[in-house]
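In: Just need the structure, nothing else, for what follows:
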Amino acid sequence: MALAVSGLVLLPGCDLSSKKATAQDLEAFLSPSQEDLLAQVVDTIIPATDTPGARDLNVHLFVQKMVTDCYEKEAQENLVKGLQALKAKAKQQHGKVFKACSTEERIALLRAMEQSGDTAAQEFYKLVKGLTVRGYMNSEYVMMNLTHYEAVPGHYYGCVPVDSITLS
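Out: Okay, the predicted model is just below:
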């Protein structure tokens, strides 16, 4: 009887479907053009060198997912407004889209946002830069190839000979 009751209590809470989360499950609040601009921004913050850049490791998707799931609505709106402001500033200062700007021009645009008197621009830059660094440093590529992460550090040797000096 207790087994039947516990089964009735436990089973409705279990999700037995085989659906796994995919990249398409990302509830995007950014348009495709805004997502591409975000990818360009993270690639400017951490560009590709002899190692992959932030865009190559899809850090822009990490930034978008974190802002969607872990931040308040104001941060989401600030991200969208910041991307729009960056797009407008690139067009105004250089007469072209952010993607077409040179690396130096991109860096100058982002630095201007960082040092701007506008708190919204500063918050946008701080948010994107912080999440870019976090996403890059926690990516599988960096953890496995650059920091040589081990899930369990060290190794346990269970059967080793012990001599009398070790025992004393």
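In: In the longest helix seen in the chain, which residues are buried?
Out: Across the chain, the longest stretch assigned as helix under DSSP state H is helix 73-94. For helix 73-94, burial by neighbour count (16 or more other C-beta atoms under 10 Å) applies to Ala75, Asn78, Leu79, Val80, Gly82, Leu83, Ala85, Leu86, Lys87, Lys89, Ala90, His94. Every residue, glycine included, has its C-beta placed from N, CA and C.
In: Looking at the residues you listed, which is nearest Val162?
Out: Nearest to Val162 among the buried residues of helix 73-94, counting by C-beta to C-beta, is Ala75 at 57.6 Å.
In: mind listing what the residue nearest to that closest one when sequence neighbours are not counted touches?
Out: Leaving aside its sequence neighbours, Ala75 sits nearest to Val67 (C-beta to C-beta, 6 or more residues apart in numbering; 5.9 Å). Contact analysis of Val67 by C-beta atoms under 8 Å, 6 or more residues apart in numbering lists Ala75, Gln76, Leu79, Leu127, Leu131.
In: make it 6 Å
Out: Listed by C-beta atoms under 6 Å, 6 or more residues apart in numbering, the contact set of Val67 reads Ala75, Gln76, Leu79.
In: next one: Tyr149
Out: Applying C-beta under 6 Å, 6+ apart to Tyr149 gives the contacts Met143.
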